[in-house]
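1. how would this look folded up:
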Amino acid sequence: MIFDLLYKSETEVLNLVEQTLKSKERLTLTYFNQHCFNIYNSDNNYKKLLDNKFEVFPDGTGIYLALRLLGYKNLKRFNATDLNEKIFSHISKQGTRLFLVGGKYVEKFLTEKTLQKKINVVGYENGFFNELESELVIGKIKDVTPEAVIIGMGVPKQELFAEQIAKALNNKVIICVGNFLEFYFATDKRAPAIFRNSGLEWLFRLLKKPSRLWKRYIIGIPVFVYHILKLKFNLNK
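-> So this is what the prediction gives:
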């Protein structure tokens, strides 16, 4: 089960990224939240990737509470955005060569923000490309020889593309970050601390973008709860 594969703390994930960059080995890393769980149960390609090709960490209150309900112990609650901030902080100190994929309107602020945040970006692609164009993007990545590729294209598109890159380039660190790049480069506003600290960041996002996110939360949360309770019932049996 995917829950058995999840990292249990930020420290574990940060150490993994640091050690892999140092050893120049392959790493494909992504997060797993309530929305990811629903896709995992409906998309077999995504499920196989996470089960066999990715290192995965839990993201957000929903997954944390589900893990607790299912009997997992020694858990630390954390979320992908805060963790990615820490990963980028380490990356900036090391001068790691990055290729960024995704992030709406990020390109407009790329030069200004990369200088300000002192990250070494050697290439960028906006993420709005089709399957045929993906080979061209991979070619661009090859040409600039980054040490790590950061992909923010949404689930499961980013994981599928990450696996394409992993097959084409040897020993690269590839990290899927969802909409983190938009927060990092300030092209989108993150929820205020009161929402984040109370586990209601999803509610802020829903209120901000209801037409895009209503299915993910209004339908998605009950579907998620149903699957978790079903798992709990089967475990009890």
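
2. quick one: Thr114 and Tyr184, what's the gap?
-> Plainly put, Thr114 is 10 Å away from Tyr184 if you go by CB to CB, to the nearest Å. Just so you know, the C-beta spots here come from the backbone N, C-alpha and C atoms, and that holds for glycine as well.

3. Settle it for me: which of those two has more neighbours?
-> Set Thr114 next to Tyr184 and count neighbours by other CB atoms under 10 Å: Tyr184 wins out with 24 against 17.

4. show me what contacts the closest residue to that one other than its chain neighbours?
-> Counting by CB to CB, 6 or more residues apart in numbering, Tyr184 lies nearest to Phe88, which is 6.6 Å off, once chain neighbours are set aside. Applying CB atoms under 8 Å, 6 or more residues apart in numbering, we find Phe88 in contact with Lys117, Ile119, Tyr184.

5. got a list of what the residue positioned nearest the centre of the chain touches?
-> What sits nearest the mean C-alpha location of the chain, by CA atoms, centre = their mean, is Val177, with 3.2 Å. Val177 makes contact with Tyr31, Ala80, Asn84, Gly102, Ile150, Ile151, Gly152, Gln158, according to CB under 8 Å, 6+ apart.

6. Quickly list what's touching both of Thr114 and Tyr184.
-> Overlap of the contact sets of Thr114 and Tyr184 (by CB under 8 Å, 6+ apart) is empty.

7. thinking again about what came up before, what about the residue nearest to Tyr184, which helix or strand?
-> Taking DSSP states H and E as the criterion, Phe88 maps to helix 80-94.

8. List the buried residues of that helix.
-> Ala80, Thr81, Leu83, Asn84, Ile87, Phe88, Ile91 (16 or more other CB atoms under 10 Å).

9. For the following helix or strand past that helix, enumerate the helices and strands it packs against.
-> Per DSSP H and E, helix 80-94 leads on to strand 97-102 as the next helix or strand towards the C-terminus. Judged by 3 or more CB pairs under 8 Å, 6 or more residues apart in numbering; DSSP states H and E, the packing partners of strand 97-102 are strand 120-125, helix 134-144, strand 148-152, helix 157-168.

10. Tell me the strands beside strand 97-102, with direction?
-> Here strand 97-102 is paired, per DSSP bridges, with strand 120-125 (parallel), strand 148-152 (parallel).

11. Make JSON lines from the ones you listed and add distance to Asn15 to it.
-> Output for the strands paired with strand 97-102, formatted as JSON lines (distance: least, CB to CB, whole Å):
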{"stretch": "strand 120-125", "distance to Asn15": "22"}
{"stretch": "strand 148-152", "distance to Asn15": "16"}
